[in-house]
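1. Take a look and give me a structure for this.
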Amino acid sequence: MARWDEILSLPIQNPPTLEFSSDDLVWSKVEGYRDNIDRVALIPFARVADFVSGESNNKDCPTRFHVEARRRRPPETAYKLKVDGILEYILYWCSFGPDDHRKGGIVRPSRSTYVPKRKPSGRPNTKRGCTCHFIVKRLIAEPSVALIIYNQDKHVDKGGLPCHGPQDKKAVGTRAMYAPYISEDLRLRVLSLLYVGVSVETIMQRHNESVEKQGGPCNRDDLLTHRYVRRQERSIRRSTYELDADDAVSISMWVESHQSQVFFYEDFSDSDPFVLGIQTEWQLQQMIRFGNRNLLASDSRFGTNKLKYPVHSLVVFNSDNKAIPIAWIIAPRSTAVDTRRWTRALYNRVCTKDPSWKLAGFIADDPLVDIVAIREVFQCSVLICFWRVRHAWHKNLIKRCPESETRAQISRRLGQSVYNICSGSGTLDLFDDFMEDFVDASDFIDYFKAVWYPRIGMWTTALKALPLASQEMSAAMEFYHNQLKLRFLNEKDPSVYQRSDWLVDKLATKVHSYFWLDEYAGKDDFARYSKDEWASGLTPRRKSLQIPDSNVIIEGKFAKVIDNQDSSAHIVLNHLGSEFALCDCSWAHMGNLCEHVFKVTKVLRNKGSARQSISMRQFNQALIDMLKCPPHDSLIRDHAVSLAAWVQMQLNACVDTESNPNTADMTDKNMVNENCCTNESKTPSHTAYGELSGYFVASENGTCGERGEGEISCAEMEADPPSIYTSGSGLFAGDEIVSKDIFMQNGGRELIDTGPDIIKNLPSTDDSFKNLNAFEEDILEKDCHKSMMEVDSESIIHQNGVCSNNAESSVIPRIANEIPEIENSSLSLSSH
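-> Just a heads-up that it's a prediction; the model follows:
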């Protein structure tokens, strides 16, 4: 029992990578059976597949591991809780062994019926007597933990010589140099291309061309065969979504055969509705890559009018701010699904893969979403996205109101009502007045009364309670929704829309393949197969960055945007500077936010002619609320430490006065008085435009405002202000109480020493919390060039700036990770 006591006392290792190998683990040696010494390690049982995959992708000796033997205790079997009891035993062996089909090799008696093939290809090259193997045991004492016993970790035969890979000289010129199977990435590429209609011959032609360009094969993927691709194509062609005549039975059969793609499943019962959560391995990887310290958005009502069950999509945003679906949830529209259960299952799944994964914010598009459950599971703030309502209003306004002037007035009035409600000054009465004032536009008003007036109350409540997502988020969600519609609702037989097994099969095959190819760099090689379903490219916000400012002409209440390709063509916009602006392009007529609206808004904000957006106003209010933190908050300590560090930096800069005279002038201008506040910084892993600059600019009213000359202005950084208020570990809405944890990194680790030597002789911060009301209204009314720095919706508030009340703006360097050691503990601010 001493052996098992020693094993169970070992730490459970969980490397924070998608895959890991034996090199990433710390191995321990314990006494084994027959006086042997076993090399063991403990990992989560859910990550055994990641270990197998990482061990297979060995650069020195690429291979694959297969299950050579498995013993599993049936779930219904009774067993005693004993320390050395085993629930599951799996023996993984290198696919180049254990048999040796080479000349003179040893084949086990149970495999003596093997008949060598005439051709040198096939199994003789993959069975070369490799002795590398390891054992995985799932213990009764710890069912969630896997014990790995890895004694034979060298890819050698029984004679101790390399038997495959680059180190085996006899394998040169054969497939034994490479892994026995193609990579998962190539397999997904082949399947995706086949699902979207690319022929086998075209796939092989493009593949062979790429191999020739690199000068010949250099890995197993370069040896892709026509036979393999043809076999995959035949398998797809013969497959069917209708596994059983009964739709419910067919779904159950699909779930049973696709366990790796299902993260939550609840069949119909007397108490619970049908719920199915789908997430492939690729989607899980995208969730970890783009969702960590970033945003996750919800598109909850796709196919409500056509499909048997609506599709609820969860998406993350890549570096181009394009939405990537990372999970689909299917459930009846008539039942209230328990959000907490499937969100918990999804969160546990991603944390099993990456324990450090943490969400920055969740964007909901439904005012009835379970906010409490989302905050409880993801430990982040929740934002509301208004895109679905604005899209419907805009689309029906174009359709039902032919008079352009009336259309502009209605759009302006709706935008102003939403702005007032989000600012806290509006109520439901605004829409009553709206319907009375525009009674002449009867067609649109009747639509508004019938469809939206019954729902406007819950939307008003949500807009007041939650921060509003930015225009770029709205445009990205509209773009994704349109992609999903093109790729999903394109069947010739509409009767299939009423079968849930078709719905699940279409999502997991064709729709998944289209989104996978969107991220594939070589997609353009298959451009001749492009259809409407291939629609991709940049989002409207990114397209607007490609339009020169000189192409925008402002003429009173209207604006013209000249086409980049044809200078004689132009687009006309009305009701400028708002997301409710009217544009006469085809994309806007469908109810979407177009690139022309983003471009004109950016130009107007550069000129100071456009007011702050809703999300920017909420951003400013959140900062003011942070300034009103009670004196006992950790803000005081952070203020003292960061202020002392900043002054030390200014003093160090004085050393270079002779070599750079401008330094002294800048130091004289950028003095900091006692009335300031600071926050520690925590930079997110991913932002839409990369990391923000490492400093704030303190303006004359004590808040972060314009940058100095030569820096990027507010309007250049974004076309729409932020909708997020966060430290790297989570978002905080403007109406939430800012606790001291906001200003700590990693839950409680202080960024810099706060000992008595550093804070000695620092001035009191009592004045930091005085006279806030004097400039509060000024902050909210100033133009974006005079207010706080605007950032994109995915950008994060860097909480390391120092805000002063100096007449001249001053640059406050970032100190979160770059604070030089303060050697002079007797530094006094009164002398500066």
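2. which residues does the residue positioned nearest the centre of the chain contact?
-> Nearest to the geometric centre of the chain sits Gly291, at 2.5 Å (Cα atoms, centre = their mean). Applying Cβ atoms under 8 Å, 6 or more residues apart in numbering, we find Gly291 in contact with 316, 326, 350, 357, 359. Placement of C-beta: from N, CA and C, glycine included.
3. who touches whichever strand or helix holds Leu188?
-> If you go by DSSP states H and E, Leu188 is part of helix 184-195. Contact with helix 184-195 is made by 53, 200, 203, 221, 224, 228-229, 232-233, 236, 281-282, 509-510, 512-514, 516-517, 520, 526, as judged by Cβ under 8 Å, 6+ apart.
4. With stretch 133-140 instead?
-> Contacts for stretch 133-140 (Cβ under 8 Å, 6+ apart): 45, 48, 55, 65, 68, 79, 81-94, 97-98, 145-153.
5. need the strands for the stretch 501-650 of the chain, in chain order.
-> Counting by DSSP state E, counting those that start in this stretch, the stretch 501-650 of the chain has strands at residues 552-555, 558-562, 570-574, 582-583.
6. now for the shortest one, which elements pack on it?
-> Under the contact definition 3 or more Cβ pairs under 8 Å, 6 or more residues apart in numbering; DSSP states H and E, strand 582-583 sits against helix 404-423, strand 570-574.
7. List the neighbouring strands of the shortest one plus their orientation.
-> Pairing partners of strand 570-574, with direction, according to DSSP bridges: strand 558-562 (antiparallel), strand 582-583 (antiparallel).
8. which ones are touching the residue lying closest to Asp354 once chain neighbours are set aside?
-> Once flanking residues are discounted, Asp354 sits nearest to Ile288: 5.0 Å by Cβ to Cβ, 6 or more residues apart in numbering. Ile288 sits next to 18, 350, 353-354, 357 when contact means Cβ under 8 Å, 6+ apart.
9. SS state for Ile288?
-> helix (DSSP: H, G, I helix; E, B strand; the rest coil).
10. I figured Ala469 hits Val382, correct?
-> No. Using Cβ atoms under 8 Å as the test, Ala469 is too far from Val382 to be in contact (10.3 Å).
11. any residues in contact with both of those two?
-> Common contact partners of Ala469 and Val382 (Cβ under 8 Å, 6+ apart): Ile363.
12. So those two - more neighbours on which side?
-> Neighbour count, other Cβ atoms under 10 Å: between Ala469 and Val382, Ala469 has more, with 28 against 23.
13. and the gap between Asp168 and Gly129?
-> 11 Å (Cβ to Cβ, to the nearest Å).
14. same thing with Arg541?
-> Taken as Cβ to Cβ, the span from Arg541 to Gly129 is 58 Å.
15. any low-confidence regions in the protein?
-> 1, 75-84, 109-125, 334-337, 528-533, 535, 629-637, 639-640, 654-832 (pLDDT under 70).
16. what about the residue lying farthest from the centre of it, distance to Gly129?
-> Ranked by distance from the centre of the chain (Cα atoms, centre = their mean), the top residue is Gly104, with 54.1 Å. Using Cβ to Cβ, Gly104 is found at 10 Å from Gly129.
17. repeat for Gln621
-> To Gly129, Gln621 is 71 Å away according to Cβ to Cβ.
18. Settle it for me: which of these two has more neighbours?
-> Per other Cβ under 10 Å, whichever of Gln621 and Gly129 has more neighbours is Gly129, with 22 against 19.
19. No further queries at this time; thank you.
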